[in-house]
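1. this one's sequence-less:
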């Protein structure tokens with residue numbers, strides 16, 4: 001009678017002692033080399049991020065809790081800087097209001113103007129490429145050069161006032177009269193609508209033509225097609241432009257500092273002072289680095305709150321093609 005033997009199962013320890021196959025060893029060495037190359041190539045960015053961004057951010061948290069003039073050792077004051085800003089600094093609240101005012105008008109204006117220009121450039125007209133280039137060209141001009149151009153445009157005898165004079169209107173002193181300084185800055189913000197226009201135009205080109213053909217068969221007008229097809233497909237780009245516009249509007253600095261120099265026009269500068277110029281003055285004019293650090297973190301919280309609110313509302317009005325609602 002023949003007997004059969006069944007193989008005994010290998011224990012986990014025996015399996016663990018099995019040497020890895022040469023193919024797996026080569027693959028493991030290759031992955032290590034790839035990982036090493038990855039960290040080697042990314043190291044310049046990581047070093048820059050740690051030294052020039054994350055490190056100063058952490059340091060500013062500490063300095064915001066101190067009284068420091070950048071020359072003497074910082075003196076710990078706790079939350080006194082924040083308490084003074086929120087309860088005993090009318091200039092801070094005025095700068096915050098001016099920032100809200102500028103953002104509340106310039107951001108929607110840029111969104112509407114960019115959408116209008118993109119819709120026009122999406123038509124079948126002659127010299128479309130030329131018009132697209134001309135509309136995007138202002139965004140390539142450095143901000144300092146743009147501000148210098150607008151100093152001439154908004155001058156008392158500048159082109160805008162000359163144009164108003166054709167209708168018998170006496171143009172204001174845009175950069176000297178306090179009530180007109182903020183409208184002048186908002187008018188300048190419309191100069192950069194070309195960047196949003198290009199993004200919206202690219203999104204329009206990606207909308208399937210079949211949707212418009214089906215709408216035409218159903219008798220939908222051009223206006224109805226825009227509101228029911230074009231605009232919903234553009235909402236992700238509109239949302240992106242909204243977020244970037246809010247961040248940039250809350251950090252407006254160069255335009256104000258160049259158009260309305262504090263030393264030459266203190267009244268106009270005070271009438272339109274926003275958060276970042278206030279921060280700059282506290283840090284580099286009065287050497288109150290701790291106070292300026294507190295302003296920067298309050299500004300960060302304001303931007304964060306508005307950004308979170310914008311993201312929370314996306315479910316109601318932002319449409320993504322991959323989503324089913």
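-> Perfect, I can see it now. Only a predicted model underlies this, so the values are computations on that prediction, with no experimental measurement involved. Numbers count the residues shown, from 1 in each chain.
2. what does the average pLDDT come to for whichever helix or strand residue 281 is part of?
-> According to DSSP states H and E, residue 281 maps onto helix 275-284. Averaged across helix 275-284, pLDDT comes to 93.
3. Which strands or helices does that helix pack on?
-> If you count contacts as 3 or more CB pairs under 8 Å, 6 or more residues apart in numbering; DSSP states H and E, helix 275-284 packs onto helix 90-121, helix 254-259, helix 289-312. Quick note: C-beta positions are derived from backbone N, CA and C, even for glycine.
4. Lowest average pLDDT across those?
-> helix 254-259 (a mean of 84).
5. all strands for the protein, in order.
-> With DSSP state E, the ranges of strands along the chain come out as 66-67, 75-76.
6. and these as JSON lines, adding mean pLDDT?
-> JSON lines is the format used below for the strands of the chain (pLDDT from 0 to 100):
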{"stretch": "strand 66-67", "mean pLDDT": "95"}
{"stretch": "strand 75-76", "mean pLDDT": "95"}
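7. and of the ones you listed, who's closest to residue 197?
-> strand 66-67 (45.6 Å; CB to CB).
8. gap between that closest one and the chain center?
-> 30 Å (CA atoms, centre = their mean, to the nearest Å).
9. Low-confidence bits of the stretch 101-250 of the chain, can you list those?
-> Under the criterion of pLDDT under 70, none of the stretch 101-250 of the chain is flagged as low confidence.
10. now do 90
-> Counting by pLDDT under 90, the stretch 101-250 of the chain contains low-confidence ranges at 120-149, 151-158, 163-182, 190-195, 218, 222.
11. still on that earlier bit, most tightly packed of the strands of the chain?
-> strand 66-67 (a mean of 18; mean count of other CB atoms under 10 Å).
12. who does that one touch, helix- and strand-wise?
-> Using 3+ CB pairs under 8 Å, 6+ apart, strand 66-67 sits against strand 75-76, helix 289-312.
13. can you redo the helices and strands packed on helix 275-284 as a markdown table with mean neighbour count and distance to residue 138?
-> Converted to a markdown table, the helices and strands packed on helix 275-284 look like this (neighbours: other CB atoms under 10 Å; distance: least, CB to CB, whole Å):
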| stretch | mean neighbour count | distance to residue 138 |
| --- | --- | --- |
| helix 90-121 | 18 | 12 |
| helix 254-259 | 20 | 14 |
| helix 289-312 | 17 | 25 |
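14. just so I know, which of these lies nearest residue 136?
-> helix 90-121 (9.9 Å).
15. and the residue nearest in space to the middle of the chain, how far is that from residue 55?
-> Computing the C-alpha centroid of the chain and ranking residues by CA atoms, centre = their mean puts residue 244 first, at 2.7 Å. Distance, residue 244 to residue 55, using CB to CB, to the nearest Å: 26 Å.
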